[in-house]
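**Q** What follows is a predicted protein model with its sequence.
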There are 2 protein chains.
Amino acid sequence: MFDKNYILPHKALSLILSSFETPAPSIHELKIEECYGRVLAEDIIASEDLPGFARSTVDGYAVRSADTFGAKDTMPAYLAIKAEVFMGQPVSFEIAKGESAKIPTGGMLPKGADAVLMLENAQTVSGDMIEAMKAVAPNENVILAGEDIRNGTQILSKGRRLRAQDIGALAGLGITAVKVYRKPSVAIISTGDEIVPASSSLGPGQVRDINSFTLAGLIQDNGGVAVKKGIIRDEYSLIKQALASALETSDMVLVSGGTSAGVKDMTAEIINGMGSPGVLFHGVAVKPGKPVIGALIGNKPVIGLPGHPAATAVSFDIFIKPLLDALCGLAAGKMPGNFVNAKMKKSIASVAGREDHVRVSLEVDGMELYAVPVLGKSGLITTLVKADGVVVVTGGKLGIDAGEDVIVKLF
Amino acid sequence: MFDKNYILPHKALSLILSSFETPAPSIHELKIEECYGRVLAEDIIASEDLPGFARSTVDGYAVRSADTFGAKDTMPAYLAIKAEVFMGQPVSFEIAKGESAKIPTGGMLPKGADAVLMLENAQTVSGDMIEAMKAVAPNENVILAGEDIRNGTQILSKGRRLRAQDIGALAGLGITAVKVYRKPSVAIISTGDEIVPASSSLGPGQVRDINSFTLAGLIQDNGGVAVKKGIIRDEYSLIKQALASALETSDMVLVSGGTSAGVKDMTAEIINGMGSPGVLFHGVAVKPGKPVIGALIGNKPVIGLPGHPAATAVSFDIFIKPLLDALCGLAAGKMPGNFVNAKMKKSIASVAGREDHVRVSLEVDGMELYAVPVLGKSGLITTLVKADGVVVVTGGKLGIDAGEDVIVKLF
């Protein structure tokens, strides 16, 4: 039975995001080799030209291009070899009319020269003379000083997650330390009288804590620090105490489980008792993950998650990741995640007004990539282990036909 | 001038992969909370059923389904409430004909019951009697013992990179430590008389070491441990010594730079002098990255990389990543990376027989995702900083037209 009054996930998310004033994350300065994957807390402006001097992009001869104009195989231009440019060494000589200098790829262009004739277009006549078999234009085979990065240009912006090549660019500019945001901490409270630690053997009616392990991994993958607050029994005072302690030390709190009807209401009641604005939504038109709670205490997000593993993973994607991105100081990106286009292998049905997040595994068949629905109740762990990603059936659709093009959001 | 005799990248890669006998990486056992992103070194077989008992998937009443057959709003079935099931507690009673028991989501099904009537389909008549307003089928709203994972089933295979939800599944089965492969170590030797450390100010003709920073990040992103062996001058004996030392302590060696014609031959010569089979290819029909060297010394891959930053990143993707995956013990995946479909924004030209790896940035325009070529010589760092990924123009194509559908391989 699906309650049509439940709000759609994107509306629920905007309810919480619009009330949430992203706190300025605190900042620390780290060496660039520690900054892979970290979020930049400052704009980076180049304070020098890169390269700092005109460089050859080929092996050849530095020349005055005008000296080669009109040169061809059948009528070469003769140029004296004045000297040789060596890598990493200052060039003290100058190229005058009718002169050239041997230069390696990356070598510094001597004064007077404005182009490089490629080695294969030069014929050595004697030890100190070449024939240029081809004309070169001004600046041909040359990177000018500042052509890559000009002094004063902004090369990286605040809020960017630094990739390997960005760190390389910083190194190239001689910037060996940058300011990055501290990682936000996210507390995980596992609740449920039936939940026991992963290391326990099971008594009748007991299940092991799965979700704190899944959530901790997802939090780390997305740049946060996961803090497990342990397994708490379904008792008002115990959950309240755990939530209060988590709110004190963390930037966001996840309460996993508490699936029985009575406890669900209790969790919402406890959250509301901790401060305002309190619970912003309780129950969302999404499958799996219907009973999710979204709340703010002061300005800290508190998300109540259903105990089912698949519902936990879907709720993470919809509600927790956007909040965590904001807490990380991440600027809004062009891409909300990694997607791949595929064809649906089997038809799946949905219900109008509800958003279905269908777990799929990817299968290559001939030249086509197929999304195969991983069937199973949302309480099953195996659906998540088998799945490579999720296909979303939006609220307005009644299902997806076999063969239909779909976008798979990869885990 | 493009040499048509150079081999295409996939042929070069298969040359080295076919000669390379993937060594069995060494194995250590770690707690599961340390295994996010690590590669599993054993098959995981469940040694118990999950769940260990039949559980309700809803809040409601555990019943004998036969007692509800024919029940409807207008003609309900009357059932006595015998007891209540509490989360995490053993259930000592049994449901006889005409009886029911209140049960929460996740609660253990009592003996005798074979289905759960949802709360909203039950009407309480008195404190100890309900009306079932709907029939339930056998096993309805129930997850049977072993329905998620059956004792003896293989749930994860050797060679899998463990994701957050896989760690969750291990926790659910009570498996708190697993065997994973040790991370392979990859040595980076930066060569070039013009190269100075990132912390140096630049003299004439000098440039800072960029590639060791980019490579270290890419190696870490792909599950390896990067070991920087420093900046080595272009001298035969120094490079030879650095390579020998790197081969002793690392599983793979990258030699970056050595771009001048003389030095390129020297690097290949040094590698050949270290052992067999030596250099397998030197020069590949790819842009950027033409002068790449692929070699095996004993069974250790040695890759010589052009000094240009963009060529380094492209060569990493084509040659280093597949070798690193093998060294990590990773089983061949379904997906070689993260891709996204887009439309080309501008036409780009290529040369037949050469594979062009064009850096692109992604741009959303209306409902369409566009791949915009980031123009610039391959020596420019900024092309890599601006790019979100790469579009490959295969050897048989002469270019890509504006508006054409392309696949972008994301960084």
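**A** Received, thanks.
**Q** Would you mind giving the domain segments of chain A?
**A** For chain A, the structural domains run A:9-25+A:183-328, A:27-50+A:163-181, A:55-143, A:339-410, going by automatic domain parsing.
**Q** Now render those domains as JSON lines, adding distance to residue A:151, mean pLDDT and mean neighbour count.
**A** Bear in mind the C-beta positions are built from the backbone N, C-alpha and C, glycine included. JSON lines is the format used below for the domains of chain A (distance: least, Cβ to Cβ, whole Å; pLDDT from 0 to 100; neighbours: other Cβ atoms under 10 Å in any protein chain shown):
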{"stretch": "domain A:9-25+A:183-328", "distance to residue A:151": "30", "mean pLDDT": "91", "mean neighbour count": "21"}
{"stretch": "domain A:27-50+A:163-181", "distance to residue A:151": "5", "mean pLDDT": "95", "mean neighbour count": "19"}
{"stretch": "domain A:55-143", "distance to residue A:151": "15", "mean pLDDT": "94", "mean neighbour count": "19"}
{"stretch": "domain A:339-410", "distance to residue A:151": "39", "mean pLDDT": "83", "mean neighbour count": "18"}
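**Q** which one of the ones you listed lies closest to residue B:230?
**A** domain A:27-50+A:163-181 (13.9 Å; Cβ to Cβ).
**Q** tell me the contacts of the closest residue to residue A:305 other than its chain neighbours?
**A** Leaving aside its sequence neighbours, residue A:305 sits nearest to residue A:256 (Cβ to Cβ, 6 or more residues apart in numbering or on different chains; 4.7 Å). Counting by Cβ atoms under 8 Å, 6 or more residues apart in numbering or on different chains, residue A:256 touches A:188, A:189, A:190, A:191, A:211, A:212, A:215, A:305, A:307, A:312.
**Q** is it true that the last one touches residue A:214?
**A** What it means is residue A:312. Yes. Between residue A:312 and residue A:214 a contact is recorded at 6.0 Å, counting by Cβ atoms under 8 Å.
**Q** Show me where the stretch 51-200 of chain A has its helices.
**A** For the stretch 51-200 of chain A, applying DSSP state H, counting those that start in this stretch gives helices covering A:164-172.
**Q** contacting residues around the residue in it that chain B sits nearest to?
**A** Residue nearest to chain B within the stretch 51-200 of chain A: residue A:164 (2.7 Å; Cβ to the nearest Cβ). Counting by Cβ under 8 Å, 6+ apart, residue A:164 touches A:36, B:213, B:214, B:215, B:216, B:217, B:218, B:220, B:221, B:313.
**Q** if you set the cut-off to 7 Å instead, what comes out?
**A** A:36, B:214, B:217, B:218, B:221 (Cβ atoms under 7 Å, 6 or more residues apart in numbering or on different chains).
**Q** Is it possible to get those out as TSV so that each row also shows distance to residue B:288?
**A** Formatted as TSV, the contacts of residue A:164 follow (distance: Cβ to Cβ, whole Å):
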residue	distance to residue B:288
A:36	23
B:214	13
B:217	19
B:218	16
B:221	20
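**Q** mind listing which of the residues you listed are in helices?
**A** Counting by DSSP state H, the contacts of residue A:164 place B:214, B:217, B:218, B:221 in helices.
**Q** Could you list which residues are in contact with the closest residue in space to the first one that isn't next to it in sequence?
**A** Looking back up the chat, that one is residue B:214. Nearest residue to residue B:214, sequence neighbours excluded (Cβ to Cβ, 6+ apart): residue A:168, at 3.5 Å. When the contact criterion is Cβ under 7 Å, 6+ apart, the partners of residue A:168 are B:210, B:211, B:213, B:214, B:309, B:381.
**Q** now residue A:183
**A** A:223, A:224, A:225.
**Q** and of those residues, the nearest to chain B?
**A** residue A:224 (12.2 Å).
**Q** Identify the bridge partners of the closest residue to that closest one other than its chain neighbours.
**A** Closest residue to residue A:224 apart from its sequence neighbours, by Cβ to Cβ, 6+ apart: residue A:186 at 4.7 Å. Listed by DSSP bridges, the beta-bridge partners for residue A:186 are residue A:226, residue A:252.
**Q** Next: the one 5 residues further on.
**A** According to DSSP bridges, the partner residues bridging residue A:191 are residue A:232, residue A:257.
**Q** Phi and psi next, for residue A:339.
**A** Backbone geometry at residue A:339, expressed as degrees, to the nearest 10, gives phi -120, psi 160.
**Q** Assign a three-state SS to the residue nearest to it when sequence neighbours are not counted, would you?
**A** Nearest residue to residue A:339, sequence neighbours excluded (Cβ to Cβ, 6+ apart): residue A:407, at 5.1 Å. Of the three states, residue A:407 takes strand according to DSSP: H, G, I helix; E, B strand; the rest coil.
**Q** Spell out which residues sit in contact with residue A:267, please.
**A** When contacts are counted by Cβ under 7 Å, 6+ apart, residue A:267 is found next to A:239, A:255, A:258, A:293, A:304.
**Q** Reformat the domains of chain A into a markdown table and put distance to residue B:96 next to each item.
**A** Listed next are the domains of chain A as a markdown table, based on distance: least, Cβ to Cβ, whole Å:
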| stretch | distance to residue B:96 |
| --- | --- |
| domain A:9-25+A:183-328 | 20 |
| domain A:27-50+A:163-181 | 60 |
| domain A:55-143 | 88 |
| domain A:339-410 | 28 |
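**Q** Would you mind saying which of the ones you listed lies nearest residue B:349?
**A** domain A:55-143 (18.2 Å).
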